[in-house]
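Chemist: What follows is a predicted structure for the sequence shown.
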Amino acid sequence: MRNPGVVTLAALTLTTALTASAQTAITGKDGVSACGVMCEFVYGSGGTSCKVKVQTSLDGGTTWFDIAQFDFTTSSAKKYANLQTIAAKAVTAYAALSAEGVNDGLLGPRLRVEITSVGTYAGSTTVAVRAHLH
Amino acid sequence: MAGEIAALDSALERSGTNITLRRVIGAAPNLINIDVDARAMVRAASSEEIAGGIAMTDSIVIISPTEIANAQWPGGELPSVTVVNPSLPRANDKCIIEGRVRNILAPVKPIYIGDELVRIELRVAG
């Protein structure tokens, strides 16, 4: 793949509630075969819950599929997941993620993060999502 | 325009120095640093520039768009209707030169040939 390495999929301060707020996509990662994702939530104050979805697209950004979901509430946490397309995988019906977990085996050349938060976070509550693509 | 970028990349590889561009998200103590390493030409302000109002302690930094494009720095963010190009360094981004964190000052000067960004000139505080 071109330019393997670490990319930042999202880095933002949470304030007012977000509803499926899509960040701009990382593109051109043709040939990506594995992806380690680290999601760091640093809690300040306020808020109720925050759902961070990592998504991929195989059609140039028209359709996005959930590949990992990280859930947070009102405490700081660092969570990670590893996704790969190397090992054979049986045919699986795609289902959007509704709880923390992964849809492994599906990686396209575009990746983005979609954030949904409930309540108003304050105190410089931040979310950072970084991926190591190779 | 690939030729102009390649020429600048080559010159920076031969004669430049390693720097790190940093965008900082959040407020202390919850800061997120988004870094990209780059080659740069770093020089002191000329006498003409100082006469024009640039501080003697400021430095002029010339970088290529190559490393920024390769890293897709600063990564994903909320689409903006006010920021023309989020991957251009901007005022209050940081530039780490020889281990020292220095503040990027406005204006940042992107240089385009046609529609393609071929060079970025920055002024950093001393």
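Modeler: In hand now; what should we look at?
Chemist: What is the burial count for A:Gln103?
Modeler: For residue A:103 the amino acid is Asn, not Gln. Look at A:Asn103: counted by other Cβ atoms under 10 Å in any protein chain shown, it has 20 neighbours. Every residue, glycine included, has its C-beta placed from N, CA and C.
Chemist: ditto for B:Gly114
Modeler: By other Cβ under 10 Å, the burial measure for B:Gly114, its neighbour count, is 7.
Chemist: Please state the backbone phi and psi of it?
Modeler: Here the main-chain torsion angles of B:Gly114 (degrees, to the nearest 10) amount to phi 60, psi -130.
Chemist: what's the answer for B:Glu48, then?
Modeler: Dihedral angles for B:Glu48 - degrees, to the nearest 10 - are phi -70, psi -40.
Chemist: Please enumerate the helices of chain B.
Modeler: B:2-15, B:47-51, B:66-71 (DSSP state H).
Chemist: Next one, pLDDT for the residue nearest the centre of chain A please.
Modeler: Nearest to the mean C-alpha position of chain A, by Cα atoms, centre = their mean, lies A:Val54 at 2.3 Å. You'll see A:Val54 listed with a pLDDT of 98.
Chemist: ok, and the closest non-adjacent residue to it?
Modeler: A:Ala68 (4.2 Å; Cβ to Cβ, 6 or more residues apart in numbering or on different chains).
Chemist: Counting by contacts, list what the helix or strand hosting that neighbour packs against.
Modeler: In this structure, A:Ala68 sits in strand A:65-72 according to DSSP states H and E. Packed against strand A:65-72, as judged by 3 or more Cβ pairs under 8 Å, 6 or more residues apart in numbering or on different chains; DSSP states H and E, are the following elements: strand A:34-42, strand A:49-57, strand A:77-84, strand A:101-102.
Chemist: Spatially nearest residue to B:Ala44 (excluding sequence neighbours)?
Modeler: With Cβ to Cβ, 6+ apart, the residue lying closest to B:Ala44 is B:Ser59, at 6.1 Å.
Chemist: Can you report how many residues lie near A:Ala88?
Modeler: Around A:Ala88 there are 6 other residues, counting by other Cβ under 10 Å.
Chemist: cool, and the one 4 residues further on?
Modeler: By the criterion of other Cβ under 10 Å, A:Thr92 has 10 neighbours.
Chemist: give the contact list for it.
Modeler: A:Gly105 (Cβ atoms under 8 Å, 6 or more residues apart in numbering or on different chains).
Chemist: Check chain A for the residue nearest chain B and tell me.
Modeler: A:Thr8 (2.9 Å; Cβ to the nearest Cβ).
Chemist: Below-threshold pLDDT in chain B: ranges please.
Modeler: B:1 (pLDDT under 70).
Chemist: Next, the contact list for the residue in it that chain A sits nearest to, please.
Modeler: Going by Cβ to the nearest Cβ, chain A is nearest to B:Gly75 of chain B, at 2.9 Å. By Cβ under 8 Å, 6+ apart, the residues touching B:Gly75 are A:7-11, A:26, A:130, B:34.
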